[in-house]
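Colleague: have a look at this prediction, sequence included:
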Amino acid sequence: MSGFDSTRATLLLRLRDRTDKLSWQEFHERYGELLLRYARRRGAKAEDAEDIVQEVEMSLLSALDGFEYDASKGRFRAYLRTAVVRAMGRKAKKDERQGENMDPVAFDYLAAVKDSNNDEKWEQEWRMHRLRWALREIAPEFEPQTLEAFKLHVLGGKTVDETAEALDLSKASVYQAKSRVLKRVKSRLDEVDPDEDM
């Protein structure tokens with residue numbers, strides 16, 4: 001499937017067919033990492049985060065009965081955030097019933113609920129998710145060293161000097177890699193969803 005945003009309509013419609021394993025695999029490949037990273041960022045242990053992702057996917061499965069896509073009702077990313085927060089809440093309640101102590105500072109489900117309209121952690125994960133997707137899409141267009149310079153400098157937080165030294169490049173080459181890749185990432189994201197914030 002070519003477009004990132006095609007999930008909102010075509011992939012979701014295909015997911016209504018519970019036997020369509022390829023569509024469910026595509027959904028998991030496309031969004032599983034996002035959901036997992038967010039749950040981990042909110043303090044879920046690795047194995048709990050995996051369970052939370054499974055629960056989100058199961059709740060989506062039941063929500064798709066009678067599904068009609070309507071963009072005016074909200075963005076898909078808002079639905080996903082709500083689904084993962086609810087799954088985290090169910091996990092917290094289950095653990096509480098079973099007598100497991102959860103560190104309220106580490107697993108900040110309550111903060112996630114309160115942050116429903118201004119959840120910077122979710123927004124950061126969403127932006128990084130889109131960036132990682134776009135990078136995978138455009139990777140064949142660039143030399144590996146150009147992409148590596150971009151990843152080290154922009155994603156890895158290395159300075160231009162550190163990146164240039166690590167890859168045996170000039171500083172100008174690092175700046176050029178950053179500029180070229182960012183321009184193409186933005187262009188690719190605009191192609192699939194021009195109204196979305198980067």
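Modeller: Good, I have the coordinates.

Colleague: for this protein, what helix or strand is lowest in average pLDDT?
Modeller: None of the helices or strands of the chain scores lower by mean pLDDT, DSSP states H and E than helix 109-114, at a mean of 58.

Colleague: show me what whichever helix or strand comes after that helix is packed against.
Modeller: Using DSSP states H and E, the helix or strand that follows helix 109-114 in sequence is helix 120-138. Judged by 3 or more Cβ pairs under 8 Å, 6 or more residues apart in numbering; DSSP states H and E, the packing partners of helix 120-138 are helix 21-41, helix 76-97, helix 171-192. For every residue, glycine as well, the C-beta is placed using N, CA and C.

Colleague: would you list these in CSV and tack on mean pLDDT?
Modeller: Compiled in CSV, those are given as follows (pLDDT from 0 to 100):
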stretch, mean pLDDT
helix 21-41, 89
helix 76-97, 82
helix 171-192, 93
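
Colleague: could I get those as CSV with mean neighbour count and distance to residue 125?
Modeller: Formatted as CSV, those follow (neighbours: other Cβ atoms under 10 Å; distance: least, Cβ to Cβ, whole Å):
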stretch, mean neighbour count, distance to residue 125
helix 21-41, 17, 5
helix 76-97, 18, 9
helix 171-192, 16, 16
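
Colleague: need those helices in CSV with distance to residue 151, can you?
Modeller: Putting those into CSV (distance: least, Cβ to Cβ, whole Å) gives the following:
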stretch, distance to residue 151
helix 21-41, 16
helix 76-97, 24
helix 171-192, 9
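
Colleague: tell me which of those helices sits nearest to residue 130.
Modeller: Closest approach to residue 130 among those is made by helix 171-192 (6.2 Å; Cβ to Cβ).

Colleague: what packs against that closest one?
Modeller: The helices and strands touching helix 171-192, judged by 3+ Cβ pairs under 8 Å, 6+ apart, are helix 120-138, helix 144-150, helix 160-167.

Colleague: tell me the angle of the longest one relative to helix 171-192?
Modeller: On the basis of axes from the mean of the first three to the mean of the last three Cα atoms, to 10 degrees, helix 120-138 is oriented at 100 degrees to helix 171-192.

Colleague: lowest-confidence stretch among the helices and strands packed on helix 171-192?
Modeller: Mean pLDDT is lowest for helix 120-138 out of the helices and strands packed on helix 171-192, coming in at a mean of 89.
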